[in-house]
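Q: mind folding the following:
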Amino acid sequence: MSAINTLVLASGGIDSTAAIAVYLAKGFAVEALFVDYGQAAAKCELSAISQIVRHYQIPLTAISCGGLGRYSVGLVRGRNAFLLQCGLMAFRGSAGVIAIGVHAGTGYADCSPEFIARMTQVFDLYSDGKVTIGTPFLHWDKANIITFCRAHEVPLELTYSCETGAPMPCGVCQTCKGLEELYAVAR
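A: Coordinates of the predicted model:
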C-alpha cells in the first residue's frame, strides 16, 4: 500500500512544523505549501519553512498571491479559508490530506471545529470526499503542541512565529506574547 499524499499548509511556525512531524511519523508522503498572501512576515516565514523542509527532506512549493494588499499584525479575515483553498488548488493527486495546524485556544473562528466542518463540505464538493482536511491539533492548545514538539524532537529553533516580520521576535504581537507566556510556564 502506498503512503497517503499529504500537503501541509506551512508557515514556518511551530504549529505547521509540528503538523509536518505528525504526518511524517504516520508514514504519509508529505509535501509543504507556503503561501505569501501579503503578510508582513512572509520573507521570514519563507526562510524558516525553507530550513524546515531541508531538515525533514520534503518538497516545498511556494506561491505568492498579489493584489490583496499588505497585512500587518492580528486577525486576517478569511485567511485559513483562503489557505485551504490554495491547498486544494495546489494538491496533486485525486485523494489525500491537506493539513493545517489550527489549534484550540486562539479565539479565532477559523480555528474552530465548526469552521473545519464547513470547509470539509466545500472540499467534498470538489473531491467527493477523497481530499480531506487534516487537523491534528484541533482540540489541543499551544502547550500540548509544544509538549509534542519536545517529545518528537521537532526543530523549534528553525521556526519563525512573529507577525511583524522583524528579524527577531518583536515581543509585542499576539503571537510573540503568547509564546513568551507559554515558554515562561514551560521552563
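Q: C-alpha only now, for contacts and for neighbours.
A: Fine.
Q: how about the helix or strand where residue 43 lies: buried residues?
A: With the criterion set as DSSP states H and E, the secondary-structure element containing residue 43 is helix 42-56. Of the residues in helix 42-56, 42, 44, 45, 46, 48, 49, 50, 51, 52, 53, 56 count as buried by neighbour count, 16 or more other Cα atoms under 10 Å.
Q: and which of these is nearest residue 161?
A: residue 45 (7.8 Å; Cα to Cα).
Q: show me what the host helix or strand of residue 118 is packed up against.
A: With secondary structure defined by DSSP H and E, residue 118 is part of helix 113-127. On a contact count with 3 or more Cα pairs under 8 Å, 6 or more residues apart in numbering; DSSP states H and E, helix 113-127 meets strand 131-134.
Q: for the strand it packs on, which strands pair with it and how are they oriented?
A: In the sheet containing strand 131-134, its partner strands are strand 96-99 (parallel), by DSSP bridges.
Q: can you give me the offset of the strand it pairs with from its chain's centre?
A: 12 Å (Cα atoms, centre = their mean, to the nearest Å).
Q: got the contact list for that strand?
A: 4-9, 19, 84, 87-88, 91, 130-136 (Cα atoms under 8 Å, 6 or more residues apart in numbering).
Q: of those, grab the buried ones for PyMOL.
A: In PyMOL, this line selects whichever of the contacts of strand 96-99 come out buried by 16+ other Cα under 10 Å:
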select buried, resi 5+6+7+8+9+19+84+87+88+91+131+132+133+134+135+136
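Q: give the contact list for the nearest residue to residue 52 once chain neighbours are set aside.
A: The spatially closest residue to residue 52, leaving aside those adjacent along the chain, is residue 158, at 6.3 Å (Cα to Cα, 6 or more residues apart in numbering). Contact analysis of residue 158 by Cα under 8 Å, 6+ apart lists 12, 48, 49, 51, 52.
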